[in-house]
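Asker: let's see this in three dimensions:
(4 chains)
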There are 2 protein chains.
Amino acid sequence: MRRRPAELTSRKPRKQYHHGDLRRALVAEAARTIQARGVGHLTLPANGESLGVSRTALYRHFADKAALLAAVATEGFAQLRRDLVDAWEQHGGGREGFDAMGVAYVRFAVKGPSYYRVMFGGLVEADRADCGLQEQAASAFGVLVEAIVQQQKAGLVREDDPVQLARYIWAAVHGIAMLGIDGQLRDAEGGAEALIHFANERLRLGIATPPR
Amino acid sequence: MRRRPAELTSRKPRKQYHHGDLRRALVAEAARTIQARGVGHLTLPANGESLGVSRTALYRHFADKAALLAAVATEGFAQLRRDLVDAWEQHGGGREGFDAMGVAYVRFAVKGPSYYRVMFGGLVEADRADCGLQEQAASAFGVLVEAIVQQQKAGLVREDDPVQLARYIWAAVHGIAMLGIDGQLRDAEGGAEALIHFANERLRLGIATPPR
DNA sequence: ACCTGAACACCGTTCAAGT
DNA sequence: ACCTGAACACCGTTCAAGT
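Answerer: Predicted structure coming up:
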């Protein structure tokens, strides 16, 4: 078990109940802790108390701790989606936009490793119907599919099932992100960032329209 | 490596403490539990008691629970390495051998999702020096690099840094395995198995020697 | 409806003691 | 040297009770 030094969070204790949207506050606070100190440090007592609320208040809004994590993961997919769309649009789509999406994806993961792991680490069962986890994940994936379709229309990507192509690209980029987070790329110069650039070139060649 | 000299002594004390190699037995039992019921069900009391040993006996051999998991992960990498070598050799290397390695990799992960997650799930800090975790992981990765080098010699793969090429392939296959485990491929017909076959084709095109 | 506070079962870990 | 058994701090969860 970990030793905790002392009381390092000294927030103002509230006398009243938490008036507004406690559910949202709980998710935000949990996400903050996960980003800052890792999911291993997320504890229900601490999470509640830093909002001036008892540790059991959470059960009014979530079935259990896994449900809270699922909500955090859902928020993560929404944020990831935004990052991907931004990258795509700011680079004007096409080949450059697609490459930028890959880079943005890896950066999202590396920026908050533990947060990313909550989204993919098996802490949350994927078949959770509540809180729209699957919908948000599907929506983020949809950005990828759409980018593929547009590139197909522009003659940049071969005519093949765009969904399967998107899954393939997703897996590759996800793998780079995961290996980077795991420290498995510590011997690689430039780490995950360098590898995604290398990969973008190789991936492009694999999905480009064949020369005729 | 298998049999210990203690076996040779005629007087073996029964009814004593646990017989020979408790350390190995603890790792094997933990691996079994993880495979069967998931790492979330691995508990020190249960793990010890199913070997007829107290829950604290473990601390004579491991610093903490994370160290036990690291040992399980190390064992996992050794097994994965074996699977990869088998696939490569049984298909006679080359393009078919390489594709078979990818399939074997994904199958290894899908066969024991929780086991695979112990190897990559962030439960074990990657910079653990003990128990040869890094060495085994590097050894498994080395199989991939070697396969790339051989294909380069055979003119099948472009002349490029084989280690970076191997990282790229590793990431892609790892990503497919991870997405499969996460249930993110549940809408994909054929799941991870189908995706790795699809990916093998695309990956090959990306790393093949360019037409001149 | 929303939250508290005590209580429960359990877990990882420590440590003095046993053989 | 190797292991036990009691003990400790902590956590997730339940539930009767409060407002």
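Asker: can you tell me the residue of chain A closest to DNA strand C?
Answerer: When distances are taken as CB to the nearest atom of the strand, chain A reaches nearest to DNA strand C at A:Ser54, 2.8 Å away. In short, each C-beta sits where N, CA and C put it, glycine included.
Asker: who are the neighbours in contact with that residue?
Answerer: Residues in contact with A:Ser54, defined by CB atoms under 8 Å, 6 or more residues apart in numbering or on different chains, are A:Gly48.
Asker: helix, strand, or coil at A:Tyr116?
Answerer: Classification of A:Tyr116 using DSSP: H, G, I helix; E, B strand; the rest coil returns helix.
Asker: wondering if the lengthiest helix in chain A reaches chain B at all.
Answerer: Longest helix in chain A by number of residues (criterion: DSSP state H): helix A:65-90. No - Helix A:65-90 lies out of reach of chain B by CB under 8 Å from any CB of the partner chain, never closer than 10.0 Å.
Asker: give the buried residues for that helix.
Answerer: Residues A:65, A:67-77, A:79-81, A:83-85, A:87-88 are the ones in helix A:65-90 that count as buried (16 or more other CB atoms under 10 Å in any protein chain shown).
Asker: report the residue ranges of every domain in chain A.
Answerer: Per automatic domain parsing, the structural domains of chain A span A:6-61, A:69-207.
Asker: surely the residue of chain A closest to DNA strand C is within a helix?
Answerer: No - under three-state DSSP, A:Ser54 falls outside any helix and is assigned coil.
Asker: show me what stretch A:142-151 is in contact with.
Answerer: Here stretch A:142-151 makes contact (CB under 8 Å, 6+ apart) with A:81, A:84-85, A:88, A:93-95, A:97-98, A:101, A:157, A:162-163, A:165-166, A:169-170.
Asker: so where is chain A shaky, pLDDT-wise?
Answerer: Scanning chain A for pLDDT under 70 picks out the ranges A:1-19, A:126-130.
Asker: that one: helices as residue ranges?
Answerer: For chain A, the helices defined by DSSP H cover A:22-37, A:44-49, A:65-90, A:94-111, A:113-120, A:133-153, A:162-182, A:191-207.
Asker: enumerate the residues of chain A near DNA strand D.
Answerer: For chain A, the residues in contact with DNA strand D (CB under 7 Å from any atom of the strand) are A:1, A:4, A:42-46, A:55-56, A:59, A:64-66.
Asker: of those, grab the buried ones for PyMOL.
Answerer: In PyMOL, this line selects whichever of those come out buried by 16+ other CB under 10 Å:
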select buried, chain A and resi 42+44+46+65
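Asker: and the residues of chain A next to DNA strand D as TSV, adding distance to A:Ala177?
Answerer: Formatted as TSV, the residues of chain A next to DNA strand D follow (distance: CB to CB, whole Å):
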residue	distance to A:Ala177
A:Met1	30
A:Arg4	30
A:Leu42	21
A:Thr43	27
A:Leu44	29
A:Pro45	32
A:Ala46	28
A:Arg55	33
A:Thr56	36
A:Tyr59	33
A:Asp64	28
A:Lys65	25
A:Ala66	23
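Asker: so what's A:His197 up against?
Answerer: A:His197 makes contact with A:Asp99, A:Val103, A:Gly190, according to CB under 8 Å, 6+ apart.
Asker: count the neighbours of A:Glu189 for me.
Answerer: If you count neighbours by other CB atoms under 10 Å in any protein chain shown, A:Glu189 ends up with 8.
Asker: ramachandran angles for it?
Answerer: For A:Glu189, the backbone dihedrals are phi -70, psi 130 (criterion: degrees, to the nearest 10).
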